[in-house]
Structure formats: structure tokens, C-alpha cells
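>>> here you go, sequence then predicted model.
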Amino acid sequence: MKGIVLTLDAVLALLIMVSVISLLVFFRTEATSPFFTAQQLHSLSEDALTILSESTLREVTNQSLLNYYLSNGILNESDLDKKAIDVIGALWAANKPETANISKDILNDIIPNNIGYQVLINGDNIYNSSDTSRPNYNDATIEISSARIASGYEKYKPTSGYVARSLARAVKKNNTLVVMGDVIMSSVSKKLSGSTCQGNNQNEPNISYIVDIPNDANILDAYWFIESAWVDNKFKVYLNGNFILESSTPWKLLTYNDLKAYLHTGRNIGNVIFRWGNPDPGGTGGCEGGDDGATHFVVTYNTSQLSTLERFDTQYFQTVISYAPIQYKKPIFIFGDIYNMSVYLNLTKTTQVKNVTLKFMWNGQIYNISLKNVINGIVEWNDTEIRSALNSSGISYSILDGRFFWFIANIDPYSLDWKVLDYERKIVGEDSYVKINYSERGEIYNYIDMTRVLSNFTYSIPVGSGFYRYTKWNFNLTNKIPLFAKWQYAWVYSSGSNPKQLAIANNIILYNHDPANSSSNPLIVEFVRFGYDTNPEGVLISGNNKFELNFSSGYAINPNNSLGETTFLIPASVSYDGVFENQTNAINDANQRLRNLLGEDVSATEITNQSFSVAGVPYMWGPVSVRIRMWT
Amino acid sequence: MKAELFSSDFIISILLFFTVLTIITIYYQNLQTDVYESNIRNDMYSKAIKVASLLAESSGYPQFWNSSNVKVIGLYDSGKFNLTKFEELQKMNYQNVKTMLGTGVYNFNITLKNTTEYVVEKPSNPSVKYSYGTPLVNAEQAILVKRLGVIDLEGNSSKVVMEVILWI
């Protein structure tokens, strides 16, 4: 009995062992590695996308199916030569169910039968093989998908119709003309004693301001702000030969009411005659009469001229007449690469001026160019003379792009006092100029140029008499192409001080004089101009812009007497966009897009349109993601 | 009686012992064989996928290669499998192609099949069939990788499946 029991134990043990071994063998025998299966699925899905995107519909679709869709108008003949993915995308965009049939026809007979697949566009199911003899997606053990980006489709947009673009041939624009006065001075005092001047020498420097308003303009507004060189100067104002007023204050704002009787389109010539301020000829007063560089003439007008921005090739001097030596500081602003420069001064043939000294000022530092004798009333400096003088001071033309630099011309050796009025010194503004050969950045003349005065500014840290140490300008150039922004400042400087001067545009530091840092930018005593173009990137953008001036004790500006302006471009056309059912709607849409682009200050008075029909597959929307999912 | 019982127990246990020992030995040998074959299969799969990718995605080098100047074999050109290149491939020595494709010790066969799973033939000369390599004869293991594409068959485009088989 015992033997039988033992035998049964052994047989049972043997059965168990055989079972375990069999199970082990079963589980160890693995089918194809999931990794390789996934790789195969990936390759096939990529191949399927390549076929859709590289082959025309005609190449990969059953001809009988194509004939059927041609006959019922789902497709037209031209569609057959488009990429299959384009046609599928277009049908999807039009929400046509034929998308599924075409996708299936292309892929079903080449994707192996043991693989399930699905076509999707932007997540929308186009075709899913789950309901066929292929593996069902819900039973999938391995799933792989591949995607391609295809441009040109947007759901529910029409797939055929009309597109249009509009071009403004003629416009009416509300533009602003800004004439900034240069820094021009001449002695009105007999004697300089220490730091004060004594005695009226009877000199009355006469400065002309040219204001060229387009001939077709309708003047909407104008004002003329005049600021004299010294606080006690008096001046008389004329416009086109007509006396307007006499001022006994150092600055004066003339409104449109003061000007409109004499202001007209075309060329206007304003004259300001400055003179000694103290009524007592023997008393003390400001040494010089003239413009401290803050004077500006602003005209707002409506014109039909698309382009009103003049090139900066020739920048004329203002006509100046004085019976004492003249110091003329000419600010130049160029946005583009400067190739060469020259200076030409016409002082009249009969002039008794013997010589003129030309200097150059950059970042407040003055560099001598040369003294030249006047010959037949003319004196000039060519590019070689200017370039070599600047190069010897370490200044190359390339650094001047998009910033203000100055030429200073002393007509006769300059002096703050001039005892005896000897002879007339005249700069003939219409024939005296700085000539600059430069490359303008971009082609600006296919656009509508606009100039705006920057009127949105805030200020703080007052120092008295309307002067502040901190000023911030905000201006919006959204949908505009910015060119440049520039300012002229009514400034005050405490002689001998060394204040901080910080100019920041859109949080990018453009100028920084830090008294504690000798390697920072130098102090600019006459901080009368500042400007910049779109370099470096970010300082002037198509969007919200900000410019800040920050000074420490010793320097300030009067924001209300200062002036900022920006010039920008607006495209005069809009290109093709949406597809519309009829031509009228397409043109109306293009015109409306053009009006939106031009904004409220420009109205198109003559628009030309181009329109054409598109059929079948549109090409102006998207992009969309076309995805093929495969599984086993 | 007692002695007999002991003797029969002993004989049964000896039989059982050797039976189990035999089974374990056979299992161990099979396991070793399976591991070896599995490694080979993985290696073949990896190589087959690489060969198929090279042929289906690359134009080869030079771009317009022929059997005499080819450096890298590839059949893909401008969205299609290039049949001219396939015909150039067919002119090449099998061992050289084997080396260029890097199939190692494995034999291979490359075939273009149409949507009805027949080997693609040249319409103007049906004896030209687009298949290259050695057919499977007494194969111990074989791996098949498929790629999809389009061919220009004497002016008519058609979809094809390229089958790459590696076998040993």
C-alpha cells in the first residue's frame, strides 16, 4: 500500500513539473517584438503620408471613382492634377463626405490587411477602417501615428470663388509738418565782463524759417513756438513779410489764430528778429540773440499726396542775417548708411566775411574740421576733408546712422560780445546746405508716410519754471511701419555741474552719461536734440513705444516747450485674402481691409482692385495637421 | 515483502529522476536554441527595417546612380520609387549589393508588388519583373518588412508595396 502511495506522489510531482515547464516554454516564446512592430507601423504611416502629399489625385485614385466625382461636380478636371492631400484638405474644408471615400480609395489597397488605420485632419476623423475586416481600433495593442503640416485649408471656408486685393491710388491724409529751428546765435552785447555781458550793441540777428506746405493741402491747424537764446531776449515775429507780434518774454507760442491770416500753401517764410533784452543800453543781459534750438513751426494739414516725406540728401541752412559773427549749429539726422558728406555755404558775393570755421559735434564733444577763407562768397568742405577730420578723431560715418550729429559753422571768429557793428553777415539759406549721400533703409516711397507730434507725455521731478528732470513719452504705432522718432528740447543746464543724462527707449538705454562712470557717454551740455530709428532692434516698434529722459540735479527740460515727432509708413495696399462666393463680396472685403489698414487719418479716395476666381482647391488658409494613425 | 516494497520504490524513484532530468535537459537545449534564434530574428528585423528605409526614402548616391557608379543604393526619387534605378539594381552583383546594403550573413529579396499582390512587371516586356535577390529556399528564419510607394510604370502611375525579405 505504501508503495502505491509513493508511486502516485511521484506521478503527481511529474505532472506538475511537466505543466510548469510547458507554461514556461509557452510564455517564453515571444511573438514579434512590439518595438519592431511599432517601427513597421511608423514606416507605413509615413509612407502613406508621402503618397498623399507627393502624388497627384490622378496618380493614386481609382479612375472610376474619379469619373463619378467629376460627373457629379464634386471634383473638376484641374483637381485631378493637384496633390491628393490638397484635394482631401479642400473637401474637408468644405465639409464634404467624399473626403472619406477618396482617402479610403487611395490607402486601402496598399496598407496590409492585418493593419487598421485612420486618417485625421486637425483631429477630425476623415476615415477609420475599424468597421471593416481590419483590426478594430478598440482592440489595438500597438498604435502609431504620423502627421504632416499642410497649408491652405480652413474648415467651412469656401473652396472656390473670388479673391481680391486693393491698392489706394489716391488718398486724403491728415499729416503733420514739423520745422525745427537750428541753434543759431550772434552777439547782441557790446562787452563781455566775466560771465556777464554789458551794453546793447544794437545788433538784431534775423533768422528765417522755411515752411513748405504741399500745394494741394488744406491747412487744419498750425502753431509756432519761438524760444530765444537768452531769457531776456526780445524778438519780433514776421510771417511772409507780415508783422505778427513783438515779444518781451523769452518764449512765445503763436497759435493758428495768430498765423492763419498769413499762412498759405506752398512756401512760407517766417522771420524772427532777436535783440538785446535789457532796456538799459548800459545794463547787463544775455550775450547773444538767436534761436536756442527749441523753436518749432508745426502745421497740420490734409493732402492727397501719398508721399510727403522728403529725402534727407540735402539739408538746408536757415537764412541768417547779422552784423556780428554767427555761430550756426546744424543738427543732422540720417537713417541709413552714410556714404559721403559735404558742406556748402553761400554768404553772398559781396560778403566781407573773411573766413569760416567748420566743426563737428558728436555726443556733445566738438571736433575741429578746418578754417577756410571765403572766396567769392562761397566756402565749402568736401567729403575727404570731413571724413579725414572725423577719422582722425576716431569717428566713422557708420556710427552716425540713426542719431543726431552736428556741423558747427562760425561765420567769422565767433565772440559772445561785439563792440562795433561792422558789416552784414548773411547765410543764404536757399543755397547753403549739408549734402549727404546715403542709402535709405528700405523702399519708403511705395507707402504712405505720416508724421505725428508726440503729444502724450508725462513728467515729474520739477526744478521750477516748467522744467523737469524726468519726462516720458508714450506713442502707439500698431499696424504702422516705424521709421524714426526725434525730439527737440527746451533745456536748462547749471553751468559747471555734471548731471546724469539717461535716454531710454522701450527700456533699452540709448544714451547714458553717468558722472560716476568715466567710460559712460560724455555729458551733452546742449541736450537740444535726440532721435533714433529702428536700431537697435526693439527701440522703435510696430506697437506701443515709450521714450524716457532722466536727468539728475543740474539738468532739466521743459516738456511743454519741447517737441517730439515720429514718422512712420502705412502700406497703400492689401493683398489677397479670403475666398468669397462672388466678386463683389471679394472686392468689398479687400476695400474694407484697406480702410482698416489706413486708419482714421488716411482715407482712400481712389482705389483700384484686382480680382480673380479660384476654383477647386484654395491655397490661402491653414496650416492644418494631416495625421495617419495605424494599429495592430 | 518488506524488501520487495523497498526495491520497487527505488526503481520508480530512479525512473522518475531520470525522466525529470531528461525533460530538463531537453528544455534547456530548446531554451538555448530559442534565445539564439531570437537574437538572430531581432538582428534580421533591425537590418530589414534599415534596408527598407534606405531603399524607400533615399535616392542613393550619386543621385542618378547606375550599376557601374553607385556608392549608395536608394530607389526614391521625387515622390516615387524609381524603376530605372531598380533595373540598374538588377544588373548588379548580388554579393556586392549585399555588402552595400549591409545585410551581413543574411540573404535578401526585394520585390515590388502591385495592389493585387502580384510582382510588378514591365508592361512592354512582361519578362522583366521587379524583384531582386535570392528567393527563399529552405529558409530557417525570414523577416518581411513592407514599404508603400508609387511607381511610374511606363507613363502610368500606380501604387505599390515594396517587400524586403531577409532570410537565413
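Noted; the coordinates are in hand. Numbers count the residues shown, from 1 in each chain, chains lettered A, B, ... in the order given.

>>> quick one: name the residues of chain B near chain A.
B:5, B:8-9, B:12-13, B:16, B:19-20, B:23-24, B:27, B:30-31, B:34, B:38, B:42, B:45-46, B:49, B:52-53, B:56, B:78-80, B:115, B:145-150, B:157-161 (CB under 8 Å from any CB of the partner chain). All C-beta atoms are positioned from the backbone trio N, CA, C, and that covers glycine.

>>> can you flag the buried ones in those?
B:9, B:12, B:16, B:20, B:27, B:45-46, B:49, B:52-53, B:56, B:79-80, B:145-150, B:157-161 (16 or more other CB atoms under 10 Å in any protein chain shown).

>>> pull out the buried positions in stretch A:547-559.
A:F547, A:E548, A:L549, A:N550, A:F551, A:S552, A:G554, A:Y555, A:A556, A:I557, A:N558, A:P559.

>>> now for these: which two are most distant?
For those, the maximum inter-member distance is 21.3 Å, found between A:F547 and A:G554 (CB to CB).

>>> gap between the strand or helix carrying A:T451 and the chain center?
Here A:T451, judged by DSSP states H and E, is contained in strand A:447-453. In terms of CA atoms, centre = their mean, to the nearest Å, the centre of strand A:447-453 is found 12 Å from the chain centre.

>>> how far does stretch A:390-404 stretch from start to finish?
End-to-end distance of stretch A:390-404 (CA to CA, to the nearest Å): 15 Å.

>>> where is the longest strand in chain A?
strand A:161-180 (DSSP state E).

>>> which of the residues in that strand are buried?
A:161-168, A:171-180.

>>> among the buried ones among the residues of chain B next to chain A, which ones are in helices?
Judged by DSSP state H, the subset of those located in helices is B:D9, B:I12, B:L16, B:V20, B:Y27, B:Y45, B:S46, B:I49, B:A52, B:S53, B:A56.

>>> in CSV: the residues you listed, plus distance to A:S248 and pLDDT.
Formatted as CSV, those follow (distance: CB to CB, whole Å; pLDDT from 0 to 100):
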residue, distance to A:S248, pLDDT
B:D9, 141, 77
B:I12, 139, 81
B:L16, 133, 81
B:V20, 127, 80
B:Y27, 120, 77
B:Y45, 100, 89
B:S46, 97, 89
B:I49, 95, 92
B:A52, 96, 95
B:S53, 91, 92
B:A56, 92, 94
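
>>> now the residue of chain B found nearest chain A: closest residue in space, sequence neighbours ignored.
Closest residue of chain B to chain A, CB to the nearest CB: B:G79 (2.8 Å). Counting by CB to CB, 6 or more residues apart in numbering or on different chains, B:G79 lies nearest to A:E54, which is 2.8 Å off, once chain neighbours are set aside.

>>> residue boundaries of the helices in chain B?
Under DSSP H, chain B gives helices at B:2-57, B:83-90, B:94-101.

>>> ramachandran coordinates for the residue nearest the centre of chain A?
Central residue of chain A (CA atoms, centre = their mean): A:P482, 2.6 Å from the mean position. When read as degrees, to the nearest 10, the backbone of A:P482 gives phi -70, psi 140.

>>> for B:W65, give me its contacts.
Going by CB atoms under 8 Å, 6 or more residues apart in numbering or on different chains, B:W65 touches B:K71, B:V72, B:I73, B:K85, B:E88.

>>> among these, name the buried ones.
Using 16+ other CB under 10 Å, the buried members of the contacts of B:W65 are B:I73, B:K85, B:E88.

>>> and those as a markdown table, adding distance to A:G73 and pLDDT?
Below are the buried ones among the contacts of B:W65 laid out as a markdown table (distance: CB to CB, whole Å; pLDDT from 0 to 100):
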| residue | distance to A:G73 | pLDDT |
| --- | --- | --- |
| B:I73 | 46 | 95 |
| B:K85 | 41 | 96 |
| B:E88 | 45 | 96 |
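
>>> just for the stretch 51-200 of chain A, where's the confidence low?
Applying pLDDT under 70 to the stretch 51-200 of chain A picks out residues A:150-160.

>>> up against chain B, what does it have?
Going by CB under 8 Å from any CB, the residues of the stretch 51-200 of chain A near chain B are A:I51, A:E54, A:S55, A:T56, A:R58, A:E59, A:V60, A:I106, A:D109, A:I110, A:I111, A:P112.

>>> for the third one, grab the count of nearby residues.
Okay, so that is A:S55. Using other CB atoms under 10 Å in any protein chain shown, A:S55 has 21 neighbouring residues.

>>> and for the first one?
Applying the criterion other CB under 10 Å, we find 23 residues in the vicinity of A:I51.

>>> the second one too?
As a burial measure, A:E54 scores 18 neighbours (other CB under 10 Å).

>>> same question for the fifth one.
Here the number of neighbours of A:R58 (other CB under 10 Å) works out to 15.
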